[in-house]
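Chemist: below is the sequence, then the predicted model.
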Amino acid sequence: FEIEYWSTVISHYDQLSQSELKELEVHIQHGIPSALRGTLWPLLAKRLEIDLEDHYIELLRQDSIYEKAIIRDLHRTFPNHPYFQSKEGQDSLFNVVKAYSLYDPEVGYCQGLSFIAGPLLLNMPEEGAFCLLVQLMHRYQLRGHFNTQLGLLRQRLYQLDGLILEHMPHIHRHFDELEITSDMYATQWFLTLFAYRLPLNIVYHLFDLFFVEGVDCLFRIGLVLLSKNQSTILSLDFDSLVTYLKDDIFIPYNDDITDLLCEASNIKISSNLLDRLAKEYEIQTIKEDTEAGLMRSLKKKNRALVEELKNKEAGNHIIRTEYNIITEELKMTQVQLAHMEDKHEGLKHQVNELCSVVKMIPSQIEEQMQSDMDDLYVENQSLTEKNSLLQGHLTDLESLIIEMKMKYAESETDRELLSRKLKGLKKWIDNV
């Protein structure tokens, strides 16, 4: 009866997928017969690209920049499966993954792609596996888990955190206290559709569900795993818990892994909740991008202020150097002035002595003395003029010194203001 039902589905899929969708989903939840997956998966994925198989042949003739990386990872993909450890299996896996790296250069290659392509290859020829991989990456949006921005993968992980809060608040609170986020343990769930750890017969069944439900089935499996391990999770500290979540979370299902999918089917996930979490993530991302842009702007302004402060300090150094030079010149001028004043006093004393002598000498030498007096008078006048000039120079130097002191005081004020701004800005950045 089961084979007859699936034969009917294959023959009349378009009709049944509309009129008897619920019954079809129930049968899929119980698993598609292994022999029919290669036929039914493309129907479920609505693969319509007839020309894609021809394109696949063309891509195989081209070289990919990822070929060395793909070859390096081949033996690490399903290492316990004989087909993928054989040359035939590794060649087929290489061809499909290499072709996709050329088909979608924005994604290129990541090891997780091999874990998605592998189960497809075990159920259909290379060309069909490539076409279905393209459908999974584009129609089911898996490429958003692999592109350089990883935007959709981060959104999935954010949604998983929200679902944990909704369904298992105790675990979420424990994760929060230990600062554990889903990207620390669940990334491979979404990159490989759990194929990196689950047995292949379970992976096939998971793919059955994924082609109908999309990413919702991954969320349900993740929630069941966490729920099944709740008591262990709540008892572990940070290091032990991260290790357990990554390596040992499947242990409770070692006896019968088929129970995992059965229990997952009982988990109900609200599409409204997923949409709300997706919008929250988008808003948070925009906010973080805005804050990051503001931080870059503030750092740029900070660098400009630091540079301006350095320039001010360099200017202050030049002013201090000029001030020291002028101060030395002033000291030398004051010494010269004191020397001239001493000389002037000496000459005045000589004049007074000569006046006394003139009064005492005979009249016949009066004219000679008068001449000498005139000479002394002229010399005294010249010295007086020089003295006046030096006094003027001294006055100018004192004015210049006063001006330099004022400029130095202003520059010190500017430097202090800039230092305060810089400290305030650093304090604001630290608070942010």
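Modeler: Received, thanks.
Chemist: least confident secondary structure element in the chain?
Modeler: helix 271-360 (a mean of 77; mean pLDDT, DSSP states H and E).
Chemist: which helix or strand lies directly C-terminal to that helix?
Modeler: helix 366-431 (DSSP states H and E).
Chemist: quick one: that following helix to helix 271-360, angle?
Modeler: Per axes from the mean of the first three to the mean of the last three CA atoms, to 10 degrees, the angle that helix 366-431 makes with helix 271-360 is 170 degrees.
Chemist: tell me which strands and helices helix 366-431 is in contact with?
Modeler: helix 271-360 (3 or more CB pairs under 8 Å, 6 or more residues apart in numbering; DSSP states H and E). Just so you know, the C-beta spots here come from the backbone N, C-alpha and C atoms, and that holds for glycine as well.
Chemist: which helices and strands does the helix it packs on pack with?
Modeler: helix 151-167, helix 366-431.
Chemist: try it again at 10 Å.
Modeler: helix 151-167, helix 216-228, helix 366-431 (3 or more CB pairs under 10 Å, 6 or more residues apart in numbering; DSSP states H and E).
Chemist: so which bits of the shortest one are buried?
Modeler: It refers to helix 216-228. 216-228 (16 or more other CB atoms under 10 Å).
Chemist: next, the angle from the least confident helix or strand of the chain to helix 151-167.
Modeler: Going by the same axes, to 10 degrees, helix 271-360 makes 110 degrees with helix 151-167.
Chemist: give me the contacts around whichever strand or helix holds Ser231.
Modeler: Ser231 belongs to helix 230-235 when elements are defined using DSSP H and E. For helix 230-235, contacts defined as CB atoms under 10 Å, 6 or more residues apart in numbering pick out 168, 170-171, 173-175, 178, 180, 226-227, 240-241, 244-245, 248-249, 251-252.
Chemist: and those residues, which are buried?
Modeler: Buried among the contacts of helix 230-235 by 16+ other CB under 10 Å: 168, 171, 174-175, 178, 180, 226-227, 241, 244-245, 249.
Chemist: which ones among these lie within helices?
Modeler: Assigned to helices by DSSP state H, the following of these qualify: 171, 174-175, 178, 226-227, 241, 244-245.
Chemist: Val351 - nearest residue in space that isn't next to it in sequence?
Modeler: Leu376 (5.9 Å; CB to CB, 6 or more residues apart in numbering).
Chemist: isn't that neighbour right up against His349?
Modeler: No. The criterion here is CB atoms under 10 Å, and Leu376 misses it with His349 at 11.7 Å.
Chemist: for Thr384, grab the count of nearby residues.
Modeler: Burial of Thr384 is recorded as 12 neighbouring residues (other CB atoms under 10 Å).
Chemist: from what I can see it touches His344, true?
Modeler: Yes. Under the criterion of CB under 10 Å, Thr384 makes contact with His344 at 7.5 Å.
Chemist: one step back: in the helix holding Ser231, which residues are buried?
Modeler: 232-233.
Chemist: and it, how far out from the chain's middle?
Modeler: 33 Å (CA atoms, centre = their mean, to the nearest Å).
Chemist: stretch 124-136 too?
Modeler: On CA atoms, centre = their mean, the centre of stretch 124-136 falls 35 Å from the chain's centre.
Chemist: just the CA atoms of that stretch, as CSV, please.
Modeler: Extracted in CSV, the C-alpha atoms of stretch 124-136 (Å, rounded to 0.1, in the frame of the first residue of the first chain):
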residue,chain,number,x,y,z
MET,A,124,20.7,10.5,-7.5
PRO,A,125,23.2,11.1,-10.3
GLU,A,126,25.7,14.0,-10.2
GLU,A,127,23.6,16.2,-12.5
GLY,A,128,20.5,15.8,-10.4
ALA,A,129,22.4,16.3,-7.2
PHE,A,130,23.9,19.6,-8.6
CYS,A,131,20.4,20.9,-9.7
LEU,A,132,18.9,20.0,-6.3
LEU,A,133,21.8,21.6,-4.5
VAL,A,134,21.1,24.8,-6.5
GLN,A,135,17.4,24.6,-5.4
LEU,A,136,18.4,24.1,-1.7
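Chemist: same question for that stretch, mean pLDDT?
Modeler: For stretch 124-136, mean pLDDT is 95.
Chemist: in it, what counts as buried?
Modeler: Buried-residue list, stretch 124-136, by 16+ other CB under 10 Å: 124, 126-136.
Chemist: remind me which residues of the chain are low pLDDT?
Modeler: 1, 47-50, 290-308, 311-312, 314-315, 358, 361-365 (pLDDT under 70).
Chemist: ok, back up a step: between Leu376 and His349, which has more neighbouring residues?
Modeler: Set side by side, Leu376 and His349 show more neighbours around Leu376, with 14 against 10, by other CB under 10 Å.
Chemist: please report how far that one lies from Gln90.
Modeler: Noted for Leu376: a distance of 119 Å to Gln90, by CB to CB, to the nearest Å.
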